[in-house]
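need the 3D shape of this:
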Amino acid sequence: MRTTTALRRAAGAAVCDGSRTVVQAGRDLHLSWPIVQRCFEDYAATVQPQTPPETPAIGIDETRRGKPVWKQNPATQKWELLADAWHIGFVDAVGGQGLFGQVGGRNATSVADWLSSQPASWRAQARYVAIDLCSTFRAAVPRALPHAAVVVDCFHIVQLAQRHLADLRRRLTWRQHGRRARKGDGIYTVRKLLRRNKEDLTEDQHSLLKTELEYMGTYGRQIYAAWQAKELLRDLLGPAVSRTHVTPDRSAVSAARHRFLAHVADHAHLPELIILAATVDQWWDGIETYLTTAITNAPSEGNNRLIKLEARNAFGFRNRANQRLRSRCATTRRSRREAHPH
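The predicted structure follows:
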């Protein structure tokens, strides 16, 4: 069928800017799926920049795309990976400009190759790279951006402390009871309080936490010591400029770090705390950069949510290139709307 320029543009804008699926846009405009898809691709090519906009901070994170695709090599009879199940996304960590691009394969080579393929001016502007506790991403950054500093996201540091605390609680509960905690056990009563922040506990809740763990005996005191270590780690992250709006004093940061490490040293018989302290030391440069810059990887997590929502609305994607284009349009929709409000 013949279509006008205005109709083709409306079809492309409905998918790219209006967050409609291709099927929904086709029903609304009485067009077939292939026509709307071509209109969307043409429209996206006009509104999406050819190169990513410059930014001082980049966020890197992975999101699962689906199942990996394998193919058997007829010559060697070995199965070879054609498409990885993971997509690595590169986003603007401070400017809200959305997703810059995606690449398949969760490995350092894929990350370094994508960063190296960008213009030299873009790479020169990137001074920080925000990541989670992924050694793969950390290894890739110096290869492509040797001048950039790695920033460790504070959420994942606290999440790691919570995970080690939960592992220790379960281990000691099994050692004391020979089973999982159940209703009526002291540790069962306070299991959720252990995940709470110290400042969010009332006096009665804090008293209940101490009383129940003290009643457990040695194992309870060890669990309480692990909870204190988690809170000391949070105190270490507390002076970040994002919370105080003042660059933290190095002596205050050093004192907080010493208190945490000293507490762990006093409880060196708890392997979970030793592993936590070793991880903090291993990633200390990135943690210290977070304290002075307040850059986090939250934009990457937010974009991952939009990417998954786009895939759910479309009931999944078969074409990976189409999925990356749809994902980029979905994550840059807000920034394009703010740049052109009318």
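
and the residue most central in space within the chain, what does it touch?
Taking CA atoms, centre = their mean, the centroid of the chain lies closest to Glu301, which sits 4.5 Å from it. The neighbourhood of Glu301, defined by CB atoms under 8 Å, 6 or more residues apart in numbering, consists of Asp61. The way it works is simple: take the backbone N, C-alpha and C, and place the C-beta from them, glycine included.

what kind of secondary structure is it in?
helix (DSSP: H, G, I helix; E, B strand; the rest coil).

contact partners for Gln222?
Contacts of Gln222 by CB under 8 Å, 6+ apart are Leu168, Leu172, His267, Leu270.

of all pairs in those residues, which one is the farthest apart?
Leu172 and His267 (12.5 Å; CB to CB).

so for those two, which residue has more residues nearby?
Taking other CB atoms under 10 Å, Leu172 and His267 do not tie; Leu172 has more neighbours (20 against 16).

what about the host helix or strand of Gln176, distance to the chain center?
Here Gln176 sits within helix 154-177, counting by DSSP states H and E. Distance of helix 154-177 from its chain centroid, counting by CA atoms, centre = their mean, to the nearest Å, is 21 Å.

just checking, what packs against that helix?
Applying 3 or more CB pairs under 8 Å, 6 or more residues apart in numbering; DSSP states H and E, we find helix 154-177 packed against helix 218-237, helix 271-282, helix 284-293.

need the next SSE after it, C-terminal direction.
helix 186-189.

what's in contact with that next one?
Taking CB under 8 Å, 6+ apart as the rule, helix 186-189 contacts Arg169, Thr173, Ala181, Arg182, Leu208, Glu212, Leu213, Tyr215, Met216, Gly220, Ile223.

quick one: contacts for the fifth one?
What that stands for is Leu208. Thr189, Val190, Leu193.

ok, those residues vs Ala130, which is closest?
Comparing the contacts of Leu208 against Ala130 with CB to CB places Leu193 closest, at 31.3 Å.

so what's the closest one closest to, chain neighbours aside?
Leu209 (4.9 Å; CB to CB, 6 or more residues apart in numbering).

I'd like the next helix or strand past the lowest-mean-pLDDT helix or strand in the chain.
Using mean pLDDT, DSSP states H and E, helix 241-244 stands out as the lowest-scoring helix or strand of the chain, at a mean of 64. Downstream of helix 241-244, the first helix or strand assigned by DSSP H and E is helix 250-266.

contact partners of that following helix?
Contacts of helix 250-266 (CB under 8 Å, 6+ apart): 225, 228-229, 232-233, 235-236, 238-239, 273-274, 276-277, 280, 284, 288, 291.

next one: Gln118 from Val150, what distance?
From Gln118 over to Val150 the distance is 18 Å, taken as CB to CB, to the nearest Å.

out of the helices and strands packed on helix 154-177, which comes closest to Ala124?
Among the helices and strands packed on helix 154-177, helix 284-293 sits nearest to Ala124 (CB to CB), with 18.1 Å.

can I get the closest one as PDB, trimmed to CA atoms?
C-alpha atoms of helix 284-293 as PDB (Å, rounded to 0.1, in the frame of the first residue of the first chain):
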ATOM      1  CA  TRP A 284      39.300   0.400  47.700                       C
ATOM      2  CA  ASP A 285      40.500   2.800  44.900                       C
ATOM      3  CA  GLY A 286      37.000   2.600  43.300                       C
ATOM      4  CA  ILE A 287      35.300   3.000  46.700                       C
ATOM      5  CA  GLU A 288      37.400   6.100  47.500                       C
ATOM      6  CA  THR A 289      36.600   7.600  44.100                       C
ATOM      7  CA  TYR A 290      32.900   7.100  44.900                       C
ATOM      8  CA  LEU A 291      33.300   9.000  48.200                       C
ATOM      9  CA  THR A 292      34.800  12.000  46.500                       C
ATOM     10  CA  THR A 293      32.600  12.100  43.400                       C
END
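
what's the angle between it and helix 250-266?
With axes from the mean of the first three to the mean of the last three CA atoms, to 10 degrees defining the directions, helix 284-293 sits at 140 degrees from helix 250-266.

model confidence over helix 284-293, on average?
Helix 284-293 comes out with an average pLDDT of 92.
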